[in-house]
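>>> Sequence and computational prediction follow.
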Amino acid sequence: MPDFSRMKQDSRIYIAGHRGMVGSAILRNLETKGFHSFILKTSSELDLRDQQQVAAFFEKEKPEYVFLAAAKVGGIQANNTYRADFLYDNLMIQNNVIHQSYVHGVKKLMFLGSSCIYPKMAPQPLKEEYLLSGKLEDTNEPYAIAKITGIKMCESYQRQHGCNFIAAMPTNLYGPNDNYNLNNSHVLPALIRKFHEAKESKAKQVEIWGTGSPLREFLHVDDLGEACVFLMQNYDGHTHVNVGTGEDLSIKDLALLVQKIVGFEGEIVHDLSKPDGTPRKLMDVSFLHKLGWKHTINLSEGIAMVYEDFKKKQNVKVW
């Protein structure tokens, strides 16, 4: 039976969030594969939180395929501080894009979530079926609830309306177009910036949050871009799919790795007044491996590439 949902090189593809880290990686990957008919709008051109704007956009542009990578994102501090913003903005973006994709007959949609959807104390590694099996980590609960809603919207529109809407849940990401603002960035870009600035200023120490004991998994965003295109072309199920490496390390070991790559020779000190967050978040990626995809960029190689990119851009003030 032929699969009519596979993208063709001239298919009209809308990437929501194409200037963000994830959306730009998906765009780069599609371009390398010869796709060329993209529909791209910045947030100033199209406010995805505005129902009327989104409806008018879909009516006019008629995308055939949608990658929903637009989201309000941040680290522990931002998630905990702007709880209402993270919930409202992400729910509105998802509701509008997913619903209008249904209304206007989009052939296939991919929703991008986050590993924070899983319960704080879920067994490790995290399997897809652990969703909604326990309490969430409080610091990013509003963001996680929004992402869980997005997964369930894709599943529900598929079950009620027959829409080919799928969801992918990436682990912690790093790579080009990351956010290096120390107030709302994730741990890896924050460490790169901290160690670089400490090296430049000849500081004697770098401070990191918490004990350094939590375990985290990191995936280069170009690997995620490859996985997203793979799933868009090869997966039509209603279960969300974990995307990661299946390998993790402690924040302390991550800091030591970044320290070595950056070349900072001082010491690392721990601010124990700051929260650790979830003790461990490792994705079970056996389902994705069975589908036929595996990551190719190892962590030390990936961080070295990112640091080179950071050094080129830091004079342009990327934060």
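Happy to help now that I have it.
>>> moving C-terminal of the helix or strand bottoming out on mean pLDDT in the chain, what's the next helix or strand?
Lowest on mean pLDDT, DSSP states H and E among the helices and strands of the chain sits helix 76-81, with a mean of 73. Proceeding N to C from helix 76-81, the next assigned helix or strand is helix 83-103, under DSSP states H and E.
>>> Identify each buried residue in that next one, please.
83, 86-87, 89-102 (16 or more other C-beta atoms under 10 Å). No exception for glycine: its C-beta is placed from N, CA and C like everyone else's.
>>> just stretch 116-136 next, same as before
Within stretch 116-136, the residues that qualify as buried are 116-120, 122, 124-128, 130-131, 136, counting by 16+ other C-beta under 10 Å.
>>> about what we covered before: now the least confident helix or strand of the chain, how far from the chain's geometric center?
Per C-alpha atoms, centre = their mean, to the nearest Å, the displacement of helix 76-81 from the mean C-alpha position of its chain is 16 Å.
>>> buried set for it?
Buried residues in helix 76-81 (16+ other C-beta under 10 Å): 76-80.
>>> What lies in contact with it?
Residues outside helix 76-81 that contact it (C-beta atoms under 8 Å, 6 or more residues apart in numbering): 86, 138-140, 142-143, 183-184, 209, 275, 277.
>>> so which strand or helix has M169?
Using DSSP H and E, M169 falls within strand 165-170.
>>> Report the angle between that strand and helix 83-103.
140 degrees (axes from the mean of the first three to the mean of the last three C-alpha atoms, to 10 degrees).
>>> Pairing partners for strand 165-170, with directions?
Strand pairing for strand 165-170, using DSSP bridges, gives strand 108-112 (parallel), strand 241-243 (parallel).
>>> how about those in TSV, adding mean pLDDT, mean neighbour count and distance to H196?
Below are the strands paired with strand 165-170 laid out as TSV (pLDDT from 0 to 100; neighbours: other C-beta atoms under 10 Å; distance: least, C-beta to C-beta, whole Å):
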stretch	mean pLDDT	mean neighbour count	distance to H196
strand 108-112	98	25	28
strand 241-243	98	25	28
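>>> confidence score at the nearest residue to K72 once chain neighbours are set aside?
Computed as C-beta to C-beta, 6 or more residues apart in numbering, the closest residue to K72 that is not its neighbour in sequence is D89, at 4.3 Å. Here the pLDDT value assigned to D89 is 96.
>>> Over to P279?
80.
>>> before we move on, what about V316?
48.
>>> any chance of the buried residues of helix 76-81 in CSV, with distance to S44 too?
Shown next, in CSV, are the buried residues of helix 76-81 (distance: C-beta to C-beta, whole Å):
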residue, distance to S44
I76, 28
Q77, 26
A78, 21
N79, 24
N80, 28
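>>> For P214, state which of those residues is nearest.
The closest of these to P214 turns out to be I76 (C-beta to C-beta; 10.6 Å).
>>> Where do the helices of the stretch 1-150 of the chain begin and end?
21-32, 51-61, 76-81, 83-103, 141-161 (DSSP state H, counting those that start in this stretch).
>>> Adding distance to Q9, write the ones you listed out as CSV.
Output for the helices of the stretch 1-150 of the chain, formatted as CSV (distance: least, C-beta to C-beta, whole Å):
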stretch, distance to Q9
helix 21-32, 9
helix 51-61, 18
helix 76-81, 38
helix 83-103, 21
helix 141-161, 25
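>>> Tell me which of those sits nearest to L231.
helix 21-32 (10.9 Å).
>>> Over to N234: give its phi and psi.
Main-chain dihedrals, N234, degrees, to the nearest 10: phi -130, psi 0.
>>> circling back: quick one, which of the helices of the stretch 1-150 of the chain is nearest to K41?
Comparing those by their distance to K41 (C-beta to C-beta), the top pick is helix 51-61, with 7.0 Å.
>>> Just the mean pLDDT for the closest one, thanks.
Average pLDDT, helix 51-61: 98.
>>> What is that helix packed up against?
helix 83-103 (3 or more C-beta pairs under 8 Å, 6 or more residues apart in numbering; DSSP states H and E).
>>> distance between the helix it packs on and the chain's centre?
The answer for helix 83-103 is 16 Å, by C-alpha atoms, centre = their mean.
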